[in-house]
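Student: all I have is the shape, not the residue letters:
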């Protein structure tokens, strides 16, 4: 072993790959390459997780069509990130508190949000933000990285109340370049809060390559500055993503403080369908390379080899999903038209004088 020299800064940088290894269980073909880390999931659970991932891809495809038809407002595609999102989510419980970013509607729906409400949220309809008190989640955060600060506070609250639950939140590689990212993990680390932080590193933020955002070898290593553990995982590998997420939740819920997880993943489509053109900052080779790593293909291969999946099952499932999504679109279309007064009513708990004046004016116009 080479003797460590504290004045040899290059030696310190070279240690990063050892301290933050790339965790993988399943390779790109669906073959197991790390038996030691295999998750304790039953055959039924494996099928359920894959079904959720297929559902997420279908939700993405249907939402894309709706957005192109002008029937959604803001929409951030999720294709390619099914393992990063759904396999990580699978490690958490309904009583854990989810603080999603705007690309994290699949996790929010699986946590209990009706699909039609997710569509309403994308349309900017106020009913898309109305959650029952027993629902352990908040609406998707639009401000990049701000959910990290919120999650730190929620996690501390869970700890102070003696809850055996955690807060968990997601941002992208772009979010890890924000000040809120550092403030959130630092606060959570200082107070040993029950939080799991995810960085879904899809490589480009909105349009800035990850290599131009930071000189850090990994994004997981940023956790060290806050005195908390960080880990990097193949975010296209559902088994590895689940295992790492489960270990992080166990660590946090047992009073050890937060964990930062970097999932290496890819979005196959634009950052959003609001004018982004990824061909301006990505070459065709990058798309082709990531297509080979599709989490659905590798998981399908794995389950097929185990005799747990076949084409007939997939066709049957997709038919059910199609009906579910059609019904959700119908419910969203039938929602009452929103009123200006409804927006004003929820801006503040107690309306300011100017808001109160506007509220009265619009209520009169709306015939209230």
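Tutor: On my side now, so go ahead. Just so you know, these numbers come straight off a predicted model, no measurement behind them.
Student: what are the contacting residues of stretch 299-319?
Tutor: 26, 29-32, 43, 46-47, 49-51, 53-55, 58, 83, 238-239 (C-beta atoms under 8 Å, 6 or more residues apart in numbering). No exception for glycine: its C-beta is placed from N, CA and C like everyone else's.
Student: likewise for stretch 104-116?
Tutor: 52, 55-56, 59, 78, 82, 85-86, 88-89, 94, 98, 100, 118, 121-122, 131, 135-137, 140, 170, 324-325, 327-332, 335.
Student: and that stretch, average pLDDT?
Tutor: Summarised as a single mean, pLDDT over stretch 104-116 is 98.
Student: all helices of the stretch 151-300 of the chain, in order?
Tutor: Using DSSP state H, counting those that start in this stretch, the helices of the stretch 151-300 of the chain run over residues 179-190, 238-251, 284-291, 295-305.
Student: circling back: now list the buried members of the contacts of stretch 104-116.
Tutor: By neighbour count, with 16 or more other C-beta atoms under 10 Å, those hold 52, 55-56, 59, 78, 82, 85-86, 88-89, 98, 100, 118, 121-122, 136-137, 140, 170, 325, 328-329, 332, 335 as buried.
Student: about what we covered before: redo the helices of the stretch 151-300 of the chain as a markdown table? Include mean pLDDT, mean neighbour count and distance to residue 318.
Tutor: Compiled in a markdown table, the helices of the stretch 151-300 of the chain are given as follows (pLDDT from 0 to 100; neighbours: other C-beta atoms under 10 Å; distance: least, C-beta to C-beta, whole Å):
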| stretch | mean pLDDT | mean neighbour count | distance to residue 318 |
| --- | --- | --- | --- |
| helix 179-190 | 97 | 21 | 37 |
| helix 238-251 | 98 | 24 | 18 |
| helix 284-291 | 88 | 12 | 20 |
| helix 295-305 | 98 | 20 | 12 |
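Student: now these as JSON lines including distance to residue 354?
Tutor: Listed next are the helices of the stretch 151-300 of the chain as JSON lines, based on distance: least, C-beta to C-beta, whole Å:
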{"stretch": "helix 179-190", "distance to residue 354": "29"}
{"stretch": "helix 238-251", "distance to residue 354": "45"}
{"stretch": "helix 284-291", "distance to residue 354": "49"}
{"stretch": "helix 295-305", "distance to residue 354": "50"}
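Student: and these: which comes nearest residue 203?
Tutor: helix 284-291 (7.8 Å; C-beta to C-beta).
Student: thinking residue 251 is in contact with residue 259, fair?
Tutor: Yes - judged on C-beta atoms under 8 Å, residue 251 makes contact with residue 259 at a distance of 5.6 Å.
Student: can you tell me which of the contacts of stretch 104-116 end up in strands?
Tutor: 98, 170 (DSSP state E).
Student: quick one on the thing from earlier: common neighbours of residue 251 and residue 259, please.
Tutor: Contact criterion C-beta under 8 Å, 6+ apart; residues shared by residue 251 and residue 259: residue 229.
Student: before we move on, the earlier item: filter the contacts of stretch 299-319 to the buried ones?
Tutor: When neighbours are counted using 16+ other C-beta under 10 Å, these contain these buried positions: 26, 30, 46-47, 49-51, 53-55, 58, 83, 238-239.
Student: mind listing what residue 80 touches?
Tutor: Here residue 80 is in contact with 202, 236, 265, 266, 267, 268, 269, 290, 294, 295 (C-beta under 8 Å, 6+ apart).
Student: change it to 10 Å
Tutor: 57, 60, 202, 235-236, 265-269, 287, 290-291, 293-296 (C-beta atoms under 10 Å, 6 or more residues apart in numbering).
Student: report how many residues lie close to the closest residue to it other than its chain neighbours.
Tutor: Computed as C-beta to C-beta, 6 or more residues apart in numbering, the closest residue to residue 80 that is not its neighbour in sequence is residue 268, at 4.0 Å. When neighbours are counted by other C-beta atoms under 10 Å, residue 268 registers 17.
Student: these two touch, right, residue 182 and residue 148?
Tutor: Yes - counting by C-beta atoms under 10 Å, residue 182 touches residue 148, with 8.5 Å between them.
Student: any common contacting residues for the two?
Tutor: Residues touching both residue 182 and residue 148 by C-beta under 10 Å, 6+ apart: residue 176.
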